[in-house]
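K.L.:
Below are the sequence and a predicted model for it; my questions follow.
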Amino acid sequence: MEFFIRKDATDPILKMRLVDDGRNDKSSLNDLLENADIRFDMYEVETEIPHILGGQCNLTTRTKKYDQTTEEYYITYRFTSEQTKESGKFEGIITVQFRDTNLQPTNKLIVPIKEKLFINII
């Protein structure tokens, strides 16, 4: 997946759809996401030097128009102008750390799963 943003810009917002893999029913996914800590890391592709570590992501929902009972989940991240001051190609990784009801870490999910996320600052 390729994402493009201009140098020194804060828009557009990076937005990734969180796809339920079918292993959980919708109510348990809601419960898991309620206490999750979602972070964003970004590394320069050529040097693998970290550019952003532990950036706070947000979770948003959208109700599907054709099925009012089902929500789609999106992970979003807004860059700062400081984070986009250098042009280049970077790899982004989003980590979803699930927590139990006592806020103790349980499972961890690394997103994206099927293909790499590349951020191009131009």
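P.N.:
Everything's here; your move. Numbers count the residues shown, from 1 in each chain.

K.L.:
how many other residues sit next to Asn120?
P.N.:
Neighbourhood size, Asn120 [other CB atoms under 10 Å]: 14. (C-beta placed from N, C-alpha, C; glycine too.)

K.L.:
hang on, it packs against Arg6?
P.N.:
No - contact between Asn120 and Arg6 fails when scored by CB atoms under 8 Å: they sit 9.9 Å apart.

K.L.:
next SSE after the helix or strand bottoming out on mean pLDDT in the chain?
P.N.:
The helix or strand of the chain with the lowest confidence, counting by mean pLDDT, DSSP states H and E, is helix 26-34 at a mean of 69. As assigned by DSSP states H and E, the chain's next helix or strand after helix 26-34 is strand 37-44.

K.L.:
So, low pLDDT: which residues of the chain?
P.N.:
20-30, 64-70 (pLDDT under 70).

K.L.:
Could you spell out the sheet neighbours of whichever strand or helix holds Phe90, each with its direction?
P.N.:
Assigned by DSSP H and E, Phe90 falls within strand 88-99. Neighbouring strands of strand 88-99 in its sheet, by DSSP bridges, are strand 37-44 (antiparallel), strand 105-111 (antiparallel), strand 117-121 (antiparallel).

K.L.:
In it, which residues are buried?
P.N.:
By 16 or more other CB atoms under 10 Å, the buried positions in strand 88-99 come out as 90, 92, 94-96, 98.

K.L.:
Pull it out as PDB, backbone CA atoms only.
P.N.:
Only the C-alpha atoms of strand 88-99 are listed here, as PDB (Å, rounded to 0.1, in the frame of the first residue of the first chain):
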ATOM      1  CA  GLY A  88      11.800  10.200   1.200                       C
ATOM      2  CA  LYS A  89      10.300   6.800   1.200                       C
ATOM      3  CA  PHE A  90       9.400   5.200   4.600                       C
ATOM      4  CA  GLU A  91       7.800   2.000   5.800                       C
ATOM      5  CA  GLY A  92       5.000   2.400   8.300                       C
ATOM      6  CA  ILE A  93       4.000  -0.200  10.900                       C
ATOM      7  CA  ILE A  94       0.900   0.000  13.200                       C
ATOM      8  CA  THR A  95       0.900  -2.000  16.400                       C
ATOM      9  CA  VAL A  96      -2.400  -2.800  18.100                       C
ATOM     10  CA  GLN A  97      -1.700  -3.900  21.700                       C
ATOM     11  CA  PHE A  98      -4.800  -5.500  23.100                       C
ATOM     12  CA  ARG A  99      -5.400  -5.300  26.800                       C
END
